[in-house]
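>>> What follows is a predicted structure for the sequence shown.
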Amino acid sequence: ATAPPGGGGAHPGPLVATLRVESAAPGLRSLVRTVRLAGGAGAVERGAELDKLPVRDKESAHLAFPFALADGVVRVDLGDAVLEPGRNQLPGSCLEFASAHTAVDVSGADVGVAVATPDAPLVEIGALTDERPVGAGGRSWRAAVAPEPTVYAYLLNNYWHTNYKADQEGVLAFRFTVRPHGPYDPVALRRFSAEHEQPLLAVPVDPAAPPLAAPFALDSESVVLAALRPVDGGRALLLRLHNPSARPAAATVTPTLVGAALRLSDVEGAPGAPLAG
């Protein structure tokens, strides 16, 4: 793809290259899309910046990710579970869209691709949602998931009657990361999601201060740390471990602080029976 005349263009560099595409779109003052490649990252960063006009007519904005995977299975990361639309849903569940915790995956038998959507958690699978009313009644709802393995990031709409203004004006920015991979791996998807839920942050520190060390170490091929919070007035940490795979897994948690001990607990953090490290 190239930028239109007078718009942005490619900005190559030794480590990072960015393609910027500026274009017009209905309901917008401007639309800027970016594609960025970083050496060794193994992923593509996508961006979309919309400068919205105040529109009171019914409207919505979507960004499509059409993947060439004819047999692709769509999976939506929910954090502590993975949704396969139309497969592991209760009868009567919504098939129009799903709420991704952080990422969506589309995988065939041998290859697939994961998309992190930290700024646009609502996604549509296979087709856009038709919000128009049918006759004098309400809108119709799908009885089956659309078959195409296309993922649409549902950026905004003013169809729904809620407690915000019917027009949404100003600059809206959305980030996405697209990572190709081999066969579907639920553990890799959870870890990919975690990278975008809890990104590393660079902060200034005092060089004379003693180095910080983690209070424990987690060793496992598939078990991940799903949550961590202080309890007992800050005198203890509550760990929640999660195994995203369908296989039994083992994990070893080793305290690194002198005198620290491991215990089972309930969800509120009340200590229970002691555990070996």
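Cool, got the structure.
>>> in its sheet, what does the host helix or strand of Phe174 sit against?
Using DSSP states H and E, Phe174 sits in strand 170-181. Using DSSP bridges, the strands paired with strand 170-181 are strand 44-52 (antiparallel), strand 112-116 (antiparallel).
>>> got a list of contacts for the shortest one?
Just to be clear, that refers to strand 112-116. Residues from elsewhere that reach strand 112-116, judged by Cβ atoms under 8 Å, 6 or more residues apart in numbering: 65, 67, 69, 72, 102-107, 151, 176-184, 188-189, 192-193, 195-196. The C-beta positions use only the backbone N, C-alpha and C, and glycine is treated the same way.
>>> Mark which of these are buried, thanks.
65, 67, 69, 72, 102-107, 151, 176-177, 179, 181, 184, 188-189, 192-193, 196 (16 or more other Cβ atoms under 10 Å).
>>> pretty sure Val224 is in contact with Leu189, am I right?
No. Applying Cβ atoms under 8 Å as the test, Val224 and Leu189 come out as separate, 10.7 Å apart.
>>> on that earlier part again, I'd like to know which of the contacts of strand 112-116 are part of helices.
Among the contacts of strand 112-116, the members found in helices (DSSP state H) are 188-189, 192-193, 195-196.
>>> Closest one of the residues you listed to Glu45?
His196 (10.7 Å; Cβ to Cβ).
>>> In space, what's closest to that closest one - neighbours in sequence excluded?
Counting by Cβ to Cβ, 6 or more residues apart in numbering, His196 lies nearest to Ala116, which is 4.3 Å off, once chain neighbours are set aside.
>>> any idea how far Arg229 is from the one you found?
24 Å (Cβ to Cβ, to the nearest Å).
>>> More neighbours: which of the two?
Using other Cβ atoms under 10 Å as the criterion, Ala116 and Arg229 rank with Ala116 on top: 24 against 10.
>>> Tell me what that one is bridged to.
Ala103, Thr177.
>>> got any ranges where the stretch 151-277 of the chain has weak pLDDT?
161, 276-277 (pLDDT under 70).
>>> How about the contacts made by the residue nearest to Ala143 when sequence neighbours are not counted?
Leaving aside its chain neighbours, Ala143 sits nearest to Leu95 (7.4 Å; criterion: Cβ to Cβ, 6+ apart). Applying Cβ under 8 Å, 6+ apart to Leu95 gives the contacts 85-86, 89, 125, 141-145.
>>> 7 Å instead, please
Neighbour list for Leu95: 85-86, 142, 144-145 [criterion: Cβ atoms under 7 Å, 6 or more residues apart in numbering].
>>> same thing with Arg139?
Taking Cβ under 7 Å, 6+ apart as the contact definition, Arg139 lies against 130-133.
>>> can you pick the most crowded of these?
Busiest of these [other Cβ under 10 Å] is Glu131, holding 14 neighbours.
>>> For that one, which non-adjacent residue is closest in space?
Closest to Glu131 by Cβ to Cβ, 6+ apart is Tyr159, at 4.2 Å.
>>> Does the one you found touch Ala61 like I think?
No. Tyr159 lies out of contact with Ala61 (Cβ atoms under 7 Å); the separation is 11.7 Å.
>>> Please identify which of these two sits among more neighbours.
For Tyr159 versus Ala61, the count of surrounding residues by other Cβ under 10 Å is larger for Ala61: 21 against 13.
>>> And for the helix or strand hosting that one, what's in contact with it?
Per DSSP H and E: Ala61 is located in strand 60-66. Strand 60-66 is contacted from outside by 48, 50, 115, 128, 150-157, 159, 174, using Cβ under 7 Å, 6+ apart.
>>> Direction included, what does it pair up with?
Strand pairing for strand 60-66, determined by DSSP bridges: strand 150-157 (antiparallel).
>>> Check which residues of the partner strand are buried.
Neighbour count says strand 150-157 has 150-156 buried, by 16+ other Cβ under 10 Å.
>>> Let me know the closest of those to Asn243.
If you rank the buried residues of strand 150-157 by distance to Asn243 using Cβ to Cβ, Val151 comes first, at 25.7 Å.
>>> Quick check, that closest one in contact with Ala103.
No. If you go by Cβ under 7 Å, Val151 and Ala103 don't touch, sitting 10.3 Å apart.
>>> which ones are touching the residue nearest the centre of the chain?
In the chain, the residue lying closest to the centroid (Cα atoms, centre = their mean) is Thr102, at 1.9 Å. Applying Cβ under 7 Å, 6+ apart to Thr102 gives the contacts 77, 116-118, 193, 196-197.
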